[in-house]
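Visitor: Here you go, sequence then predicted model.
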Amino acid sequence: MTRNPTTRSTDPFTDEPTTTWVRPARATEAPPSPPPLPTADRRPPTADPRRPRRLAAFARRCRNAARALFLALALLAAFACGGSGDDDGDAARTEGCGVRNPATGEVEFCAAAGNEVCVCATGQCAQIDLSCASNYRYVEGVGSCVSAEESATLIESRDETALCPVMDADAGDGDGGDAEADADADDGEAEVGPLCGNGTIDPGEDCEGDDLQACTTGCGTTGTSACLACTWTACAPPVEVCNGSDDDCDDATDEDFECAAFGLEGCVTTCGSSGTRVCTDACAWEECQPPAEECNGADDDCDDVCDDGFECCAGESGDCTTTCGSVGSRSCDAACGWQECVPPVEACNGIDDDCNGMTDEVAGGFACGDGCCNGGETYCGCPGDCTTVVPPPAPPQPLSPWNGALTGTLRAPANLRPTFRWAPPASGGCGTATYEIQVDDSCTTPSFAGCDLSSPTASGTGLAVTSWTPTSELPVANLPPVGRRYYWHVRACDGAAGCSAWSAVRYLDVGRAPSDFDGDGYSDLAVGAPSYDDIDNPNLGIVYIYQASSSGLPTTHTRQLLPGMQPNLAFGRALADGDLNADGFADLVVGAPGYDGAATDEGGVIIFWGAATGLSIPRSVVLLPDRAAAGAAFGTAVAVMGDVNSDGYADLAVGSPSETVGAFAGAGRVDVYRGPPDVTGPPDMLQASVPQENAAFGQALAGAGDLLADGRGGVLVGEPSHSGGSSSEGAAYLFRWDVLSMEVTPWATLSCPAPCSNGHFGSSVALIGDLGDDGYPDLAVGAPTYNAGAVQEGNVFAYAVTAAGLPSAPTTTLDNPANTPNAHFGTALAPTGWVGSATFRRQGLIVGSPFQADGGVVEGAAFWYAGATVLGVTPVTIAAPDADPGAGFGASAAGGFDFNADGTADIVVGAPNRDGTATQEGRAFVFESGVGMGGGFPAVPDQTLYNPLPYPNDQFAFSLVNACY
């Protein structure tokens, strides 16, 4: 075979040059020429004289090759050729000799036919080249195609693709034997070519001796080739080392270590992802490295964050806020992006969960019983669905009748069926309250506040409105005192919210007429003549009593009240009445401001108790100032205010307008007496917040009604000479009950509307009543010298108190209808009570104008103003009965009477300076409204009361008891 070293490269392990062997040419190439023979021995190939010798040499070489192969195996453990002890290479082999094919890196073997020895000269097998017409052989470095006949002399390699020539196993033995049974005895087989082993590399030899050389293995590593039969053996690979290469050409890299150096392989990271790991240069695996994060729904890079760097983790779902603000859900798609927020199913939570514009339609709609408080349902209407319990309503607030109110004579059936009114609850409930009311006569005074009315005489239930009138007359007594005191309370009931507590107990007197001193159901009349002269006691004063009956008011007085003899007593200067001791009879209060007691002109008051026989003189009570009050004129004004402290008794106010307060002479005071049976308790003392000299605080008094609709009354006090922005403009004050006593600071102050200089606002005051039936009072204040259309013509100002309190300005201003100068319109004010029939029934106010001129005669006049909600401004004129200049008609007035028990109010107007048989003896005129009058009063008095004991300047009718308070 031919050696073809063409280039040398450097061995990567030894840095020594290595021989690169050129692969034999393919069959399509011109076959290489045999090596030239020496000149002396050159013969044609067909008659080569050295052939026998070459064959003998070939056999020797095989034996030498076997020895060299053993050495190579010992050195490189690369391959084996021959068995143990086969030093001549002729032993049968179960494996063929083989070398690594440098083209493929695989070891190829020549199989011995019949298990005979493969004695290929070079140890290599020739590959079949399909381009050859026959087989191809490669022997001694010479490759050639062989014929089919010649191929029969070749044996196949193990992979059945290579052929080797069949050599004589006994060639060169010299024993003449034919060991391989090929009919070719060795006797005639002589060696050819140079002798191998002579120490000289002869032509045709590659090497001599036992040399070794580095070589490049078929897999590219640096191996070792041994000199065998003067020919280099196939390159034996080295032992495998850790270097990332297949050193031993076994198709495995670094197989004796943990891993192949610098190799990579997949691995499972600590977080379960598929990572990679690198084999170190020491052939040991490094830690598994996680891959870069991908959108796959997993934590690839083991940072505890799924799909880190993307919007979301693929496949996950989470909460989100819908377009309507509810908490919905959304899912992360395969591209790691959030999908649209999906609204949840509607739940009962007070919001629109599913964004359909409806709230809590849990069953596709709204229905009581669906388990959800929805669709406007409330605990009140659907307590099964709505669990928020609505508290019961607050107790209603009783409005009217006020405590101690008189409904009127028992002889008018309507008066036995009073109308009760109340305000709806201020809080709680469902807003659809109905009401229950109980009316009973079994409670007692003064302990009625704790009465439970457990057995009501009359009651109403399920009332949808805030008023109630009994369907039948309340039972009353027909004997004195007629009528009966009834107590009432009311509560609100509101469905599921339940019922409120009962309101505070209120009381009224049913079937009782005002000013009924003898309790027979007919109003009585008291007329004062404070300038009445006794023979020895000028200006002693006297009071006349007219007790009405079924025959009406008598024209002759029933009795007269005359005090002890004392000049200038002015007994009867002021009159008031009311049931101070709650016995069913009206009591009379008479002021005597000129009484000399502990001090001169300190004044005094006498109370006459009513009884079935009329006023009782022996049972009278005298009230005097509880302090030194010379000149105080205690009793100049008196008023039964109503029940200011809600204890069942009417209370009394007494004015001392001339009393000195501190350093202010004539500043004035008012004493309030609460009305237990004897009215002897210490009074509460009222005065102006800033006393003024001669301001006359207490000159005029009137009850103020229930200012706060809480069942307690108050008092209205006039201070006509108060100077504010201008001189003697006047003022008025409202005081009400506090916790245990009257307030010492006014609840409200009423000032005279400008221009008010010398208007004397507060000279007269009155409680008109409750015009609007709202439970709050309407008040009037007179300014008789007020300058408006004419000098001192006078004006009256009306104030409608409401739940919001007292208005800052008058609700109504009553101007003198004729603007008569110096008429003193407003000198007298008197509420009329209910006037008219069922078709026209009004409350109103009488205004006296004692110097009103009529046809040039200054005789006086009175005017009636009626009101439904507020007081009207167009009056009905009540003219003086006849022309009597200076009579002073209208200087006094009183209303609210029912002398004939027809259920409609009557009034009395005084003319204290009317001349009769004596100059300025005085006279009183009675006007009965009458049911059939359609409202208003007759133009001519129904009755004229003359001075029973006429003396000049008696001023009979200077004062009239006012039936209303």
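Guide: That came through fine. Numbers count the residues shown, from 1 in each chain.
Visitor: tell me which element the closest residue to residue 310 other than its chain neighbours is part of?
Guide: Nearest non-adjacent residue to residue 310, counting by Cβ to Cβ, 6 or more residues apart in numbering: residue 336, 3.5 Å away. (Glycine included, C-beta is placed from N, CA and C.) Counting by DSSP states H and E, no helix or strand carries residue 336.
Visitor: The closest residue to residue 891 other than its chain neighbours and residue 281, how far apart?
Guide: Among residues not flanking residue 891 along the chain, residue 850 sits closest, at 3.9 Å (Cβ to Cβ, 6+ apart). Going from residue 850 to residue 281 by Cβ to Cβ, to the nearest Å gives 135 Å.
Visitor: Same check on residue 458?
Guide: With distances taken as Cβ to Cβ, residue 458 is found 115 Å from residue 281.
Visitor: Nearest to the spatial middle of this protein, which residue is it?
Guide: residue 350 (10.8 Å; Cα atoms, centre = their mean).
Visitor: quick one, what contacts that residue?
Guide: Residues near residue 350 by Cβ atoms under 8 Å, 6 or more residues apart in numbering: 359, 360.
Visitor: Within the helices and strands, which one has it?
Guide: Assigned by DSSP H and E, residue 350 belongs to no helix or strand.
Visitor: try residue 608
Guide: strand 604-609.
Visitor: can you list contacts of that strand?
Guide: Contacts of strand 604-609 (Cβ under 8 Å, 6+ apart): 561, 563, 571, 580-581, 583, 585, 587-592, 595, 597, 615-617, 619-624, 634-635, 638, 652, 654, 679.
Visitor: try stretch 490-501
Guide: Applying Cβ under 8 Å, 6+ apart, the contact partners of stretch 490-501 are 379-381, 383, 389-396, 398, 420, 422, 424-425, 428-438, 502-503.
Visitor: For residue 622, identify the helix or strand it belongs to.
Guide: Going by DSSP H and E, residue 622 is in strand 616-623.
Visitor: Which strands and helices lie in contact with that strand?
Guide: Judged by 3 or more Cβ pairs under 8 Å, 6 or more residues apart in numbering; DSSP states H and E, the packing partners of strand 616-623 are strand 604-609.
Visitor: Tell me the gap between the strand it packs on and the middle of its chain.
Guide: Per Cα atoms, centre = their mean, to the nearest Å, the displacement of strand 604-609 from the mean C-alpha position of its chain is 64 Å.
Visitor: Could you confirm residue 509 falls within a helix?
Guide: No - with DSSP: H, G, I helix; E, B strand; the rest coil as the criterion, residue 509 is located in strand rather than a helix.
Visitor: so it sits right up against residue 579, yeah?
Guide: Yes - using Cβ atoms under 8 Å, residue 509 and residue 579 qualify as a contacting pair, with a distance of 7.4 Å.
Visitor: which residues are common contacts for the two?
Guide: What both residue 509 and residue 579 touch, as defined by Cβ under 8 Å, 6+ apart, is the set residue 404.
Visitor: which SS class is residue 430?
Guide: Going by three-state DSSP: residue 430 is coil.
Visitor: quick one, helices of this protein?
Guide: All helices of the chain, identified by DSSP state H, fall at 51-76, 148-151.
Visitor: Flag the shaky bits of the protein, pLDDT-wise.
Guide: Residues of the chain meeting the criterion pLDDT under 70: 1-194, 677-678, 680, 837-840, 930-935, 964-965.
Visitor: got a list of what residue 445 touches?
Guide: By Cβ under 8 Å, 6+ apart, residue 445 lies in contact with 485, 507, 582, 647, 648, 649.
Visitor: And the furthest pair within these?
Guide: Of all pairs drawn from these, the greatest distance, 13.4 Å, lies between 485 and 647 (Cβ to Cβ).
Visitor: Among those two, which residue is more densely surrounded?
Guide: residue 485 (22 against 19; other Cβ atoms under 10 Å).
Visitor: ok, the more buried one - contacts?
Guide: Neighbouring residues of residue 485 by Cβ under 8 Å, 6+ apart: 441, 445, 507, 508, 509, 510, 582, 584.
Visitor: End to end on stretch 586-600, go ahead and measure it.
Guide: 31 Å (Cα to Cα, to the nearest Å).
Visitor: what about the residue lying closest to residue 777 once chain neighbours are set aside, distance to residue 405?
Guide: Distances taken as Cβ to Cβ, 6+ apart place residue 705 nearest to residue 777, at 2.9 Å, with adjacent residues excluded. When Cβ to Cβ is the yardstick, residue 705 and residue 405 sit 10 Å from each other.
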